[in-house]
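Chemist: Sequence and predicted structure are below.
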Amino acid sequence: MNVVSQRGLKQLIEKHPEAQDETIAWYRKAHKASWVSLQDVRRDFPSVDKVGAVLIFDIRNNRYRLIVRIDFPTQRLFVKALLTHKEYDRGEWKKWV
């Protein structure tokens with residue numbers, strides 16, 4: 001997968017440094033993946049949720065949520081947000097759905 005906005009992901013990690021290790025591990029796995037469906041994603045990340053057009057990954061035992069959009073045919077993954085659970089509950093991320 002081509003993870004679009006690696007620079008943006010780094011900025012999100014700077015905002016939430018305690019999520020750095022797991023987010024980088026997510027990036028490395030996603031970057032090497034060749035997902036063609038949600039089922040493929042769930043093989044690597046069983047807890048991933050799909051809401052509309054976005055995938056939501058749990059980071060640090062559900063303390064953070066990584067919001068991404070994925071285009072399976074072009075193998076591009078767009079990082080949208082890394083949110084605390086409190087930020088996620090506000091629902092502002094739904095603008096990407």
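Modeler: Nice, I can see it. Because the structure is a prediction, the values reported are computed rather than measured.
Chemist: which non-adjacent residue is nearest the residue most central in space within the chain?
Modeler: Residue closest to the mean C-alpha point of the chain, counted by C-alpha atoms, centre = their mean, is L66 at 3.8 Å. Take L66 and drop its neighbours on the chain: the residue closest to it by C-beta to C-beta, 6 or more residues apart in numbering is F57, 4.2 Å away. For the C-beta atoms, the positions are set from N, CA and C on the backbone; glycine is no exception.
Chemist: Specify the local secondary structure of that neighbour.
Modeler: Recorded secondary structure, F57: strand (DSSP: H, G, I helix; E, B strand; the rest coil).
Chemist: in this structure, which helix has the most residues?
Modeler: Longest helix in the chain, counting residues (DSSP state H): helix 20-32.
Chemist: Can you dump the C-alpha atoms of it in CSV for me?
Modeler: Coordinates of each C-alpha in helix 20-32 appear next as CSV, following Å, rounded to 0.1, in the frame of the first residue of the first chain:
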residue,chain,number,x,y,z
GLN,A,20,4.4,6.6,18.3
ASP,A,21,5.7,3.0,18.6
GLU,A,22,2.4,1.4,17.7
THR,A,23,1.6,3.9,15.0
ILE,A,24,4.9,3.3,13.3
ALA,A,25,4.4,-0.4,13.6
TRP,A,26,1.0,0.1,11.9
TYR,A,27,2.6,2.1,9.1
ARG,A,28,5.3,-0.5,8.5
LYS,A,29,2.7,-3.3,8.2
ALA,A,30,0.3,-1.2,6.1
HIS,A,31,3.1,-0.1,3.8
LYS,A,32,4.2,-3.6,3.0
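Chemist: What helices and strands are in contact with that helix?
Modeler: Here helix 20-32 touches strand 2-4, helix 6-15, strand 54-59, strand 64-71, going by 3 or more C-beta pairs under 8 Å, 6 or more residues apart in numbering; DSSP states H and E.
Chemist: repeat that for 7 Å
Modeler: strand 2-4, helix 6-15, strand 54-59 (3 or more C-beta pairs under 7 Å, 6 or more residues apart in numbering; DSSP states H and E).
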